[in-house]
Every structure is written in structure tokens, then in C-alpha cells.
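>>> Pasting the sequence and the predicted model now:
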Amino acid sequence: METTKILIVDDEENIRHMLTMVLKKEGIDCSTAANGLEALDKLVSENFDIVLCDINMPKMTGLELLDAISEKSIETTIIMITAYGSVENAIETMKHGAYDYINKPFRQDEVLLTIRKAEERERLRKQNKQLLRRLNEDYDFSRIVSADPNMDNLFKTAKKVAGFKSTVLITGDSGTGKELFARAIHHNSDRKDKPFVGINCGAIPESIIESELFGHEKGAFTDAHKQRKGMFEEANGGTLFLDEIGELSTSMQVKLLRVLQEEELRRVGGDKTIKLDVRIIAATVQNLNDLVKKSGFREDLYYRLNVVNLHIPPLRERPMDTVKLVDHFIERFGDKLGVPISKCSPEAMTMLEGYHWPGNVRELENTIERAMVLCDTDSIDVDDLPAKITEFNPSPKLDLPANNLSIKKAVYHIENVLISKALKKTGGNRTAAAKLLEISHRALLYKIKEYQITD
């Protein structure tokens, strides 16, 4: 653990000496200052975890020192020392930013208890600052790994829209990173210090989704034993991420549209109107435009959501990204798992590049983590990969003759290819192959003989 650094500020030398002796016995690093001006010079040039400061001092009082520390944005925890009977002055200093106070004459155990409480506060403050910094780094656009030129335009658009309240609709297959983009937009906006609240519209039962989104009053329905805020209120001032927006029922679409248009809501069972300031980012794997044409999604809500559209292409359409993502996940999981794995063998990388990744980036991430857990060397090899990747064979091309316009010849060619593939997959088991081909066993035997296929 780091040693706590304390600056003792008091115009009485015996007080400074006594506090120094007491605190050094506890392993605390102490410095002293005889007045506020001297203390301020030290605070500007050095970092102190805690300042133990008298209120009444010449040249610069404790209250004036507090104000100067605030003006210079010096981060430290301040404990005031006050003469007995001057509690009002101590309370006044706490209004100006002091953490606590102790009375003169003070007992040794009282001083140490107050210091220990301040140490815990300082530890939590530093930890919180570190977590916030890490959070902002994790959701920075630079953390979204890609080498694909088409993704550059996506990043540029997302960065531009981050500074505005405009609604964003993110589309793409499952596992492409839609929520990652949503969080990056939020954390690069002026709302980053406000809540980011996410809800999966497809995972909430229809019976309670209105209450989840808009909240409810006590007694609004059978199980409403107390008032509850909804997701919109929780996200007020920040961003609400509506994942799988295409799963909302038509009735909920109407209610959502009204809230988006009026920027206000009423809780279920309530009559009070609540004003909102919420930035909406929606996401879906579905084609909402097709849903609109089929009357499965309201056209007015679609246009309200689709102010800025970001479409994230699947990993199979970004072949340049596989290698870069593999390297990224190896580095990340190396730190997380504490394993000395730094690379992927050329043979394993070839298989990873050749796989079609139906689960996209999320599937690749899980695959690399699994491989690193199972790996016994410093390099991921073929044996560390799951069978679905090592045994994957892309569908063969039909390669129809360029000048062939005969349907009969084309059907012959296609059937020949598919039957050969089915027999290979089933190890020559004709009954199983017939099931894969969805034809009868007798029809398969006839075609094998007709096409002279050897299995």
C-alpha cells in the first residue's frame, strides 16, 4: 500500500510537532507548514492525500486556504482543527469544502480515527477516478478495433453525431458491436457524466414493458406496492439505449412515439407530467424498413428513430478485421487471465480467417478467450480451436459453365455437387445423406447411379 502523505498546517509549533510524532508512529508521511501561504506553496508543488489545517492563523486563515485550494483545483482531503467552542466556524469551513474537523485540545485516538476515515475517503476517491478514466478509455472510439476502410466512415459519422442530441438508429447482425457503438457515442458527448441506461426491448414481457420504460405509481396495478421510476427517468439528462427496438408491440410503439415527440411522460397510473431530456439511441438486427412495409413497425416512429443511421457490417464482410481483432483479444485476455500467450500460429490464424463467424465479433472474442484458457504454450494453435472452426468447409462454388443456358444441365450439375457434399459430410451414410438432401433414400440411390457418384 502507498504511504499516506499528510500536510499539517498550524501556527503553533508544539501542535505541529505533537501531530507529527503521533502520525509518524502510524507510518504516515508528514510535512508541516506554519501558515496558509506556506501550505499553499507546498500544495502547488507536491501532492498530499490529506491536509490537517488550523482555522485561525496569521497571513492566511484556514478558510482562505480552503478557498485558494478550490480555486487552484487541488485534489486533497481537508480536515480542520478548531478551538473548543468554535464548532460554528468548523461547520462553515465544511461548507467551503472541508471533509471533517477535530477540536482542540484533541485526544490522540480522536485524531487517528478521523485520519483513518479520511484515508478511506481518499482511497475511494482515487479508485473512483481511476474507474471513470478506465471507463472512458474502454468506450472511446479508438478502442473499437477495425482495419476495414468502410468502418472509417462509420467512425467519422458516429463521432460527428456524438455532440448532438439527434436520435441514432444502429443496425447490424447480432454480435457486431451495436451497444459498443452506442456507449462510445454517449461517452464522447456532453452527456458522458450522466447516466447511460440500456434496455433490451425483446427481453421484457409485453405485460410489464410499459412500466419498465415509463415507471408506475403506487397501486397502479396489483404488484405496484410502491412508486417506481422507469428507464426514461433513470436516463434523464443522459442517454437511453433501446436495443432490439423492432420487437416492440404496435401499442407500445404508439406510446413510445408520443414520449419522443413531446419529451415528457406520465408514469403508469399517474396523472403528473414529467419533463424529459433524454438522448435516444436505438438498435436492431431487423430491417425496420421492411417491417414498415409489412405493417409490423410504425412508419412515423421509424422516421423519428432513423435520424442518423449507422449500419455495422458483419465480420464476414470485414476480412481485414479478423487478424487485428485476434491480436487485440490476445493482448486483452492475456492481462485478464494472467497467461503468457502472445500470438497465434499461422495455421490457426488461417482457420480463423477462413471461418464465416455467424456470431460476429462476439463469437470471435469468446473463441479467443476459450483458446487462451486451453492453450499450454505461448501461442494459440489449431488444437486450441473448437471443432466448428477446424472442421469448417465453405460451401463449394457451383461453377456453372459460362455459356450454359440449359436448365436441365444446370440441375444435373447442382444435384451432383450437393449429393457429393452430403455424402462427404455423412461419411458415405446414404440414409443420413438423404435426410440432409430432403429426398427419399430410393431417390438418392437412383441419382447416385445416374450421376455415377462414388462415395
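Looks like it arrived, so ask away.

>>> quick one: residue 231 from residue 237, how far?
13 Å (CB to CB, to the nearest Å). C-betas here are computed from N, CA, C, even on glycine.

>>> between these two, who's got more neighbours?
Higher neighbour count among residue 231 and residue 237: residue 231, with 22 against 12, using other CB atoms under 10 Å.

>>> The more buried one and residue 315, how far apart?
Distance from residue 231 to residue 315, by CB to CB: 30 Å.

>>> swap in residue 228?
According to CB to CB, residue 228 stands 40 Å off from residue 315.

>>> For the strand or helix carrying residue 418, list every residue counted as buried.
Under the criterion of DSSP states H and E, residue 418 resides in helix 407-425. When burial is assessed from 16 or more other CB atoms under 10 Å, helix 407-425 yields the following buried residues: 413, 415-423.

>>> Spell out, range by range, the helices that occur in the stretch 301-450 of the chain.
Here the stretch 301-450 of the chain has its helices, by DSSP state H, counting those that start in this stretch, at 321-337, 346-354, 360-374, 387-390, 407-425, 430-437, 441-451.

>>> now what about the second one, what contacts it?
Spelled out, that is helix 346-354. 319, 322-323, 326, 344, 364, 367, 371, 380-382, 384-385, 389-390, 392, 394 (CB atoms under 8 Å, 6 or more residues apart in numbering).

>>> from the chain's centre, how far out does it sit?
29 Å (CA atoms, centre = their mean, to the nearest Å).

>>> still on that earlier bit, make JSON lines from the helices of the stretch 301-450 of the chain and add distance to residue 9 to it.
Below are those laid out as JSON lines (distance: least, CB to CB, whole Å):
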{"stretch": "helix 321-337", "distance to residue 9": "42"}
{"stretch": "helix 346-354", "distance to residue 9": "61"}
{"stretch": "helix 360-374", "distance to residue 9": "52"}
{"stretch": "helix 387-390", "distance to residue 9": "65"}
{"stretch": "helix 407-425", "distance to residue 9": "80"}
{"stretch": "helix 430-437", "distance to residue 9": "83"}
{"stretch": "helix 441-451", "distance to residue 9": "93"}
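
>>> Those: which one's closest to residue 179?
Counting by CB to CB, residue 179 lies closest to helix 360-374 out of the helices of the stretch 301-450 of the chain; the figure is 10.3 Å.

>>> what's the offset of that closest one from the middle of its chain?
Using CA atoms, centre = their mean, the offset of helix 360-374 from its chain centre is 18 Å.

>>> got the buried residues for it?
Within helix 360-374, the residues that qualify as buried are 360-365, 367-369, 371-372, counting by 16+ other CB under 10 Å.

>>> Equivalent analysis for stretch 47-59, please.
For stretch 47-59, by 16+ other CB under 10 Å, it's 48-55, 57.

>>> repeat for stretch 284-302
So stretch 284-302, judged by 16+ other CB under 10 Å, has buried residues 284-285, 288, 291-292, 297-298, 301-302.

>>> nearest to residue 7, of the residues you listed?
Of these, the one sitting nearest to residue 7 (CB to CB) turns out to be residue 284, at 56.0 Å.

>>> measure that closest one to residue 297 for me?
Distance from residue 284 to residue 297, by CB to CB: 9 Å.

>>> anything in contact with each of these two?
Residues touching both residue 284 and residue 297 by CB under 8 Å, 6+ apart: residue 246.

>>> List the residues that contact residue 278.
When contacts are counted by CB under 8 Å, 6+ apart, residue 278 is found next to 232, 235-240, 263.

>>> What does it show for phi and psi?
Note on residue 278: backbone dihedrals following degrees, to the nearest 10 are phi -130, psi 130.

>>> before we move on, what about residue 6?
According to degrees, to the nearest 10, residue 6 has phi -120, psi 140.

>>> just to revisit the earlier point, who has more neighbours, residue 228 and residue 315?
More neighbours surround residue 315 than the other of residue 228 and residue 315, with 25 against 16 (other CB under 10 Å).

>>> so that one makes contact with residue 324?
No. Using CB atoms under 8 Å, residue 315 is not in contact with residue 324; the gap is 11.2 Å.

>>> Provide the secondary structure category for residue 171.
Using DSSP: H, G, I helix; E, B strand; the rest coil, the structure places residue 171 in strand.

>>> and it, what pLDDT?
On the pLDDT scale, residue 171 is placed at 96.

>>> contacting residues around the residue nearest to it when sequence neighbours are not counted?
Distances taken as CB to CB, 6 or more residues apart in numbering put residue 311 closest to residue 171, at 4.8 Å, once the chain neighbours are dropped. Residue 311 makes contacts with 154, 170-172, as judged by CB under 8 Å, 6+ apart.

>>> Now rank those residues by neighbours and give me the top one.
Top of the contacts of residue 311 by neighbour count (other CB under 10 Å): residue 170, with 26 neighbours.

>>> What separation do you get for it and residue 97?
As defined by CB to CB, residue 170 lies at a distance of 42 Å from residue 97.

>>> Also residue 318?
51 Å.

>>> for residue 374, same thing?
In terms of CB to CB, residue 374 sits 54 Å off from residue 97.

>>> Next up, phi/psi of the residue lying closest to residue 186 once chain neighbours are set aside, please.
Closest residue in space to residue 186, ignoring its immediate chain neighbours: residue 239 at 4.3 Å, by CB to CB, 6+ apart. Dihedral angles of residue 239 (phi, psi; degrees, to the nearest 10) stand at phi -130, psi 140.

>>> neighbours of residue 239, just the number please.
Neighbours around residue 239, by other CB under 10 Å: 24.

>>> quick one: which of residue 318 and residue 97 has more around it?
residue 318 (22 against 13).

>>> In contact with that one, which residues?
Contacts here follow CB under 8 Å, 6+ apart; on that basis residue 318 touches 146, 148, 150-151.

>>> Take the residues you listed and keep only those in helices.
Using DSSP state H, 150-151 are the members of the contacts of residue 318 that sit in helices.

>>> Show me the one in the contacts of residue 318 that has more neighbours than the rest.
Result: residue 146 is most packed of these (other CB under 10 Å), 20 neighbours.
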